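Peer 1: everything below, folded, please.
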Amino acid sequence: MTDVYEEIRKGERGAWVSIMSYLLLSVFKLVSGYLFASSALLADGFNNLTDIVASVAVLIGLRISQKPPDSDHAYGHFRAETIAALIASFIMAMVGIQIIVETARALFNGIKSEPPNLWSAGVAIISAAGMLGVYAFNRRLANQINNKALMAAAKDNLSDSLVSIGAAIGIIGAQFGLPWLDRVAAFAVGLIICKTAWDIFKDSTYSLTDGFDQNQLMDLRSTIARIAGVEEIKDVKARVHGNYVLVDVVIVVDAKLTIVEGHHICDDIEERMKKVHNIMQVQVHIEPKSE
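Peer 2: Got it, this is the predicted structure:
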């Protein structure tokens, strides 16, 4: 299990990079948004504040996940980061809904506003470029350590970059006699925040309720079927435990095999599953083939 915990510690670097980047960008955008009177830039800044919460939740989850198994958690604490992500999704949804309600009220009530300063578009473009850099860093690190939570954070980085680009488009459009376009961009930012929150909520609840992709399950079954000595596969079950997968399999072998030979088949299954699919733990139950 040493390698597993080492990978989690490496994942903390990506979480820290996201936290520091979002902290700097949120301050930059919020101050610029107030100075340049841009609703879209302010909404983007509040979006980054929610991203700080999400990144901190991922970091806390990674820290708790490193706790070794104990009497109450025989499989370890790897699901802590999934629970943290679930909590973060609620916080993100609250902020997104608030932005949507406020900008919709301003639009439908016809509240007039001056076009934002064009400098705010430059702020949004610079922020988009910065987040693309953070996305590239986290995506590369997530691939190296095969960390799904960090990959999800990287995708969030990419969506934030797209949000900033959208804010810049709204701000520039407002310069051409369409001041309401800045608020429309802010409304779109709120929708994107809610969409991201929903995706995180859906993935987290799917994992916590032991949901598992059937295509991946068929891949696992196919790998096991090719192992010498496996006569039949009666059942294969899998569930996600944090960033790792636990597998339970029932196989049928020749009834004339010795206990040692059956044990070797189990070892082969465990080794192949870890090597090919990066499975953390495999429980194999053997049944004799009926005559």
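
Peer 1: who are the neighbours in contact with the residue nearest to L191 when sequence neighbours are not counted?
Peer 2: Once flanking residues are discounted, L191 sits nearest to I100: 6.6 Å by Cβ to Cβ, 6 or more residues apart in numbering. Every residue, glycine included, has its C-beta placed from N, CA and C. I100 sits next to F187, G190, L191, C194 when contact means Cβ atoms under 8 Å, 6 or more residues apart in numbering.

Peer 1: and I100, what helix or strand is that in?
Peer 2: helix 80-108 (DSSP states H and E).

Peer 1: now the helices: where do they sit in the stretch 101-250 of the chain?
Peer 2: Per DSSP state H, counting those that start in this stretch, the stretch 101-250 of the chain carries helices over the ranges 119-145, 148-174, 180-208, 214-225.

Peer 1: tell me the pLDDT at the residue nearest the centre of the chain?
Peer 2: The geometric centre of the chain, computed from its C-alpha atoms, lies nearest to A152 (Cα atoms, centre = their mean), at 2.4 Å. Note on A152: pLDDT of 72.

Peer 1: I figured it hits A88, correct?
Peer 2: No - using Cβ atoms under 8 Å, A152 makes no contact with A88, being 10.5 Å away.

Peer 1: pLDDT wise, what is D219 at?
Peer 2: Note on D219: pLDDT of 92.

Peer 1: show me what the closest residue to Y75 other than its chain neighbours is bridged to.
Peer 2: Nearest-residue entry for Y75: H241, 5.9 Å, with adjacent residues in sequence omitted and distances by Cβ to Cβ, 6+ apart. Beta bridges link H241 to Y244, judged by DSSP bridges.

Peer 1: which residues does the residue nearest to the centre of the chain contact?
Peer 2: Per Cβ under 8 Å, 6+ apart, neighbours of A152: A85, I200, D203.

Peer 1: got CSV for these, with distance to G76 too?
Peer 2: Shown next, in CSV, are the contacts of A152 (distance: Cβ to Cβ, whole Å):
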residue, distance to G76
A85, 17
I200, 22
D203, 20
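
Peer 1: can I get these in CSV with neighbour count and pLDDT?
Peer 2: Listed next are the contacts of A152 as CSV, based on neighbours: other Cβ atoms under 10 Å; pLDDT from 0 to 100:
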residue, neighbour count, pLDDT
A85, 22, 76
I200, 25, 82
D203, 19, 86
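
Peer 1: which of those residues sits closest to D51?
Peer 2: For the contacts of A152, the residue nearest D51 by Cβ to Cβ is I200; the value is 11.2 Å.

Peer 1: which residues does the closest one contact?
Peer 2: A54, A85, L86, A88, S89, M92, A152.

Peer 1: make it 10 Å
Peer 2: 54, 57, 82, 85-90, 92-93, 152-153, 155-156 (Cβ atoms under 10 Å, 6 or more residues apart in numbering).

Peer 1: of those residues, keep whichever come out buried.
Peer 2: 54, 57, 82, 85-89, 92-93, 152-153, 155-156 (16 or more other Cβ atoms under 10 Å).
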